[in-house]
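**Student:** What follows is a predicted protein model with its sequence.
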Amino acid sequence: MAPVSDDLHLLDDLMPWSVAPLRTGRAWVVGPDDRALRARWDALVRAEGDERDRLFHATRTRTLRTTTPALPGAPANTGPLSRETGPCPTPRRITHGPFDHQWLIPDHRLLDAARPELWRVADERQLFAVEQGHVPQPAGAARAAGQALTVSALLPDGRSPAGRPGRIRPLYRRPGAAEPNIAPGLLTFLGKAYGHDVGPEDLLAWTVATARATPAGCALPLTADPRRWAAGVESGHRAIALMLRGTRGGEKPRLPGGRRPYVRAAIPARPDELRYDPNDEALHLGEGRISPVPPGAWEYRVSGVRVLELWFERRTEAGEPGTLEAIRPASWPQEWTSELLELITALALLSELPTAGEVSGDGDRFTPADLVDARVLPVPASARRPASVLDHPEEGPGGQFALL
């Protein structure tokens, strides 16, 4: 599909290898509390016969009798779950949708489409660009539309609050930050245009700062102005650091003194509503209260959905009685409060950054035709496929080594 205008580039051409979002097939394998996930697993393996079948929630892809290879980097039993009696695999921290750090039981037998190719390249140097769903917005409603592209250092599941997920694009095709997932020749082309080396994370920063969601996919301009490029890259690096929230070893975001949010009234064990008071800049969780919460944090959206409202909903969903989803913390954990304060801070600072249109401006731009002339486009078919990264055997179904 062609770009939406002659001077925009589809991210599908600039970062050509992409993977579809994870598809779990059952909601109970993901959650904001790792202890609840372990309790769900324990309830499953204690159940017998038809009750285990009912709790598991079988699909055409996964049943209690399915055998699968182990997930890369996540040792697990590969026999059928119908005979499973062991402890829960150690839950893995992931990014669930935009900005929400949750937990996943890393067992391939539980996941309809786990995307093993992502697990193979997920390491301490990897960054994942996650496209957000396109939601039509009125002209000039850049803030209402929200972030078109988010970045995660944790393995992302790629879910979009709009229900129209995009793609997950690892920055590197191999572990150890080897072989950038960037159109061959593009970084050299840009380096010559700007008069200095352009690294993979610089291009990702520019992309985060300028990308917009379109019906054709995530798209962005490429400025021909070195000074505008430098300013956009700086803004993008700042945005990425805020999105990572210290998960890559960097500093956690902090607001200036006097603007930092604090808990002013204790959050109850079961907060039943979330509301915002703009006059007091206060976020109320039932009888609990956090302030100051800048309006920019409350209004921050992705795919038109408020991030804070979605975060709260995912922690207060009761789950249908008698299902594994209904197993949840008995009261609001302290860790959730710390995560919420951190998220408020990150969203407040992100809301202060310039919009994509403000960063990209209206100056001269490189067009897709320019990249065709420079022989950067079209990208070779091999660049759209995952690299061969297997340097050790992976366990296949029933404990046999997988043949890859």
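**Tutor:** In hand now; what should we look at?

**Student:** from here on, contacts and neighbour counts on C-alpha atoms
**Tutor:** Will do.

**Student:** which element follows the lowest-mean-pLDDT helix or strand in the chain toward the C-terminus?
**Tutor:** Lowest on mean pLDDT, DSSP states H and E among the helices and strands of the chain sits helix 142-145, with a mean of 55. Using DSSP states H and E, the helix or strand that follows helix 142-145 in sequence is strand 149-152.

**Student:** any idea of the mean pLDDT for that next one?
**Tutor:** Across strand 149-152, pLDDT averages out at 96.

**Student:** go on, stretch 330-350?
**Tutor:** 98.

**Student:** How far off centre is that stretch?
**Tutor:** Chain-centre distance of stretch 330-350: 17 Å, with C-alpha atoms, centre = their mean, to the nearest Å.

**Student:** So residue 248: helix, strand or coil?
**Tutor:** coil (DSSP: H, G, I helix; E, B strand; the rest coil).

**Student:** So what's the residue count around it?
**Tutor:** For residue 248, the neighbour count with other C-alpha atoms under 10 Å is 16.

**Student:** Without its sequence neighbours, what residue ends up closest to it?
**Tutor:** residue 153 (6.3 Å; C-alpha to C-alpha, 6 or more residues apart in numbering).

**Student:** didn't that neighbour look like it was pressed against residue 246?
**Tutor:** No. The criterion here is C-alpha atoms under 8 Å, and residue 153 misses it with residue 246 at 9.4 Å.

**Student:** Which of those two has more residues huddled nearby?
**Tutor:** Set residue 153 next to residue 246 and count neighbours by other C-alpha under 10 Å: residue 153 wins out with 23 against 13.

**Student:** How much space separates the more buried one from residue 48?
**Tutor:** 39 Å (C-alpha to C-alpha, to the nearest Å).

**Student:** Let me see the ranges of the helices in the stretch 251-400 of the chain.
**Tutor:** Secondary structure of the stretch 251-400 of the chain (DSSP state H, counting those that start in this stretch): helices at 295-299, 307-316, 334-351, 356-360, 368-373.

**Student:** Would you mark the buried spots in the longest one?
**Tutor:** If you call a residue buried by 16 or more other C-alpha atoms under 10 Å, then helix 334-351 has these buried ones: 337, 340-351.

**Student:** ok, those vs residue 282, which is closest?
**Tutor:** residue 344 (11.4 Å; C-alpha to C-alpha).

**Student:** burial count for residue 318?
**Tutor:** Quick note: residue 318 (other C-alpha under 10 Å) scores 12 neighbours.

**Student:** got it, and residue 251?
**Tutor:** 12.

**Student:** Could you do residue 362 as well?
**Tutor:** Count around residue 362 with other C-alpha under 10 Å applied: 10.

**Student:** try the one 5 residues further on
**Tutor:** Other residues within reach of residue 367 by the criterion other C-alpha under 10 Å amount to 18.

**Student:** per-residue pLDDT, it?
**Tutor:** Reported pLDDT for residue 367: 97.

**Student:** For residue 128, see how far away it is.
**Tutor:** For residue 367 relative to residue 128 (C-alpha to C-alpha), the value is 25 Å.

**Student:** for residue 167, same thing?
**Tutor:** 10 Å.

**Student:** now, among the buried residues of helix 334-351, which is nearest to residue 96?
**Tutor:** residue 343 (13.7 Å).

**Student:** if I pick the closest one, what's in contact with it?
**Tutor:** residue 99 (C-alpha atoms under 8 Å, 6 or more residues apart in numbering).

**Student:** Numbering from 6 from now on, please.
**Tutor:** Okay, using 6 as the starting number, the last item reads as residue 348.

**Student:** That one and residue 259, how far apart?
**Tutor:** 10 Å.

**Student:** Might you list the low-confidence residue ranges for this protein?
**Tutor:** 6-9, 81, 141-150, 168, 394-409 (pLDDT under 70).

**Student:** again, only using 80
**Tutor:** Regions of the chain meeting the criterion pLDDT under 80 cover residues 6-11, 80-82, 138-151, 167-170, 394-409.
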